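In: here is my input; please provide its structure:
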Amino acid sequence: MSTPERDEESSGFWSGVGDAMATVGRVVGSGASALGRSAAGAYLAVDRDLRRQIFQAPLLGLMSIVPRSTPRVEASHERDVLLVHGLGGHPSHFMAMQRYFAHVAGRQTHCADLRRADCLDEMARRLRARIQELCERRREGRQGKIDIVAHSMGGIVARLALEEVETRQRVATLVTMATPHGGTHLARLAATPRTLDLRPRSPVIERLREQDFWDEPRGPRLVALWSESDTTILPPTSAAWEAAQTHQIPEFTHLSYLVSPASWRVVARLLRTPVPMVCSHARDEKMSLGL
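Out: Here you go, the predicted structure:
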């Protein structure tokens with residue numbers, strides 16, 4: 001049987017429980033708010049261009065797991081295009097670009113897989129063999145020459161491959177996208193044979209600095225694309241090169257060249273452009289993404 005004393009005692013107990021829960025709620029809410037502010041502050045403290053690159057990375061991961069097939073282009077008289085991946089890259093990272101080239105630009109593409117080579121010189125040897133294979137397979141047009149589009153380290157490998165005269169005679173244009181022609185200081189974070197070669201003033205970088213065949217009348221054309229927003233090539237201007245026809249693409253991260261349709265349009269237009277005169281090789285132009 002309930003009594004006034006018991007009712008008052010029960011009411012006091014539940015009132016205390018309510019006060020305690022309210023206090024806990026305020027503490028949890030305050031902690032969550034502080035944690036949210038801390039997380040937001042940490043997010044905003046990361047460089048904006050690096051944040052954009054981090055968000056783009058999962059797209060390349062998805063390309064790696066989607067079943068891959070090379071789209072075929074029938075009766076094309078354009079030169080075939082060989083795509084060369086970068087450090088830690090995969091041929092599948094060019095999947096979207098390949099479809100654009102096939103269905104919009106009308107260009108047949110192929111990929112070089114250099115993942116199992118231990119060093120850049122070994123990659124260059126494998127790339128020479130791939131170039132020879134494609135040119136011998138080509139039945140007609142442009143003396144069997146091909147174009148090369150290379151991302152990041154792939155551009156270094158392509159330049160090493162072109163040290164051989166026979167290989168140079170098989171290539172019309174080399175387009176490098178975010179390639180560290182002068183090396184990148186980010187390569188100092190690792191000490192593998194590949195990253196050691198990508199450091200500024202490494203023997204490989206110094207060797208490329210001595211290349212003098214880009215001005216040959218019948219030699220290949222070198223086109224270098226770079227961006228100030230690239231947080232992988234440090235400094236970003238290392239992706240430009242004095243012997244190349246150089247173009248700056250605003251707002252591009254290191255991965256934008258692989259995932260952005262604007263990149264594919266730029267590269268397709270550059271490959272359609274006639275080989276310029278030698279005196280125009282060194283110019284640096286800012287590309288419009290409306291191409």
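
In: quick one: the strands in this protein, in order.
Out: Assigned strands in the chain, in chain order: 81-84, 109-112, 146-151, 171-177, 221-226, 245-248, 284-286 (criterion: DSSP state E).

In: how about the helices in the stretch 101-250 of the chain?
Out: With helices called from DSSP state H, counting those that start in this stretch, the stretch 101-250 of the chain shows them at 120-137, 153-161, 165-168, 193-197, 203-209.

In: what helices or strands is the first one leaning on?
Out: This means helix 120-137. Helices and strands in packing contact with helix 120-137 are listed as strand 81-84, strand 109-112, strand 146-151, helix 153-161, helix 165-168, helix 193-197; criterion 3 or more CB pairs under 8 Å, 6 or more residues apart in numbering; DSSP states H and E. C-betas here are computed from N, CA, C, even on glycine.

In: ok so, going back, which one of the helices of the stretch 101-250 of the chain lies nearest to residue 228?
Out: Proximity to residue 228, assessed across the helices of the stretch 101-250 of the chain by CB to CB, is greatest for helix 153-161 (18.1 Å).

In: which neighbouring elements make contact with that closest one?
Out: Under the contact definition 3+ CB pairs under 8 Å, 6+ apart, helix 153-161 sits against strand 81-84, helix 120-137, strand 146-151, strand 171-177, helix 203-209.

In: distance to residue 72 for the ones you listed - can I get that in JSON lines?
Out: As requested, those are arranged in JSON lines below (distance: least, CB to CB, whole Å):
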{"stretch": "strand 81-84", "distance to residue 72": "13"}
{"stretch": "helix 120-137", "distance to residue 72": "13"}
{"stretch": "strand 146-151", "distance to residue 72": "16"}
{"stretch": "strand 171-177", "distance to residue 72": "21"}
{"stretch": "helix 203-209", "distance to residue 72": "35"}
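
In: could you dump these to JSON lines with distance to residue 231 and mean pLDDT?
Out: Compiled in JSON lines, the helices and strands packed on helix 153-161 are given as follows (distance: least, CB to CB, whole Å; pLDDT from 0 to 100):
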{"stretch": "strand 81-84", "distance to residue 231": "22", "mean pLDDT": "98"}
{"stretch": "helix 120-137", "distance to residue 231": "22", "mean pLDDT": "95"}
{"stretch": "strand 146-151", "distance to residue 231": "15", "mean pLDDT": "97"}
{"stretch": "strand 171-177", "distance to residue 231": "15", "mean pLDDT": "97"}
{"stretch": "helix 203-209", "distance to residue 231": "20", "mean pLDDT": "96"}
